[in-house]
Each structure stands twice: as structure tokens, then as C-alpha cells.
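1. just the structure for this:
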Amino acid sequence: MLKNGESVAGLTVHVMTEKIDAGAIVAQQELIIGENENAGQLTQRQHHAAAALLTEAVNAMAQGTLDLKPQNIAERTYFGKKKASRHRSGLERVCETNCKSVARVTTL
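-> Below is the predicted model:
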């Protein structure tokens, strides 16, 4: 999200179905991404918000007050799978392209 310049992150609790992310929506929340927020900070906020949202959903289920909303598959968005190359650190990418220089520096 940060690399894409997005300003909003989203969380969704949904009913589990055989199709990925196709179940009815139980609860949703948007998180505004801070202008200077880094990935670690955003991830931490997402984890805290997800725990709170899931707690609310479980409480609503226990109280019988769930308000399920069907998903409009055509309108949903999500962050797809990362390619293995996107999981590497910056140093690993540098090493891949400049491996001889890095080898010389590390062996000194």
C-alpha cells in the first residue's frame, strides 16, 4: 500500500466460504495511512485494529446482532500475493545486481 501511494488501508471480517474472500461482510474499517507512516507502523496499527474489529464481530455474533452485507465481487479490492522478489530486503536486491562489489567489501 505504501509503495503504491495509497492513502487508505482497509480491514474486513467476513464469513468464510469455499471461495477466497467471497463470504458476506461482517464488519469493515478503514485506516487512514499517515503521510510519514512506515510499513512497520502501519502493520502494527492494522493488527490492533483487526483485533478490535474481530472482537466487535464476535460480540455481535454472540448477541445475535450481526448485520451481514453481501459482497459485491466486482467492486472489491485487495492486496494480491507478493512475488518472491518483493519479499527481499533492499540489501538483497543490491547484492543480486552488484554481487561482486559486495563480495569484495565483505571480505576485506
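
2. can you tell me, leaving aside adjacent residues, what's nearest to residue 11?
-> The shortest distance from residue 11 to any non-neighbouring residue, by CB to CB, 6 or more residues apart in numbering, is to residue 29 (4.8 Å). Where C-beta positions appear, they are placed from N, C-alpha and C, glycine not excepted.

3. quick one: contacts for that neighbour?
-> 10-11, 49, 53 (CB atoms under 8 Å, 6 or more residues apart in numbering).

4. just to be sure, it is in a strand?
-> Yes - the assignment for residue 29 is a strand, going by DSSP: H, G, I helix; E, B strand; the rest coil.

5. one step back: closest to residue 74 out of the contacts of residue 29?
-> Comparing the contacts of residue 29 against residue 74 with CB to CB places residue 10 closest, at 16.6 Å.

6. got the contact list for the closest residue to that closest one other than its chain neighbours?
-> Computed as CB to CB, 6+ apart, the closest residue to residue 10 that is not its neighbour in sequence is residue 30, at 5.4 Å. Going by CB under 8 Å, 6+ apart, residue 30 touches 8-11.

7. show the pLDDT at residue 30.
-> Looking at residue 30, its pLDDT reads 91.

8. gap between it and residue 51?
-> 16 Å (CB to CB, to the nearest Å).

9. repeat that for residue 35.
-> Look at residue 35 and residue 51: by CB to CB, they are 25 Å apart.

10. ok, the two, which is more surrounded?
-> Remark: of residue 35 and residue 51, residue 51 carries more neighbours, 10 against 6, as counted by other CB atoms under 10 Å.

11. so is the more buried one in a helix, a strand, or just coil?
-> Residue 51 ends up helix, using three-state DSSP.
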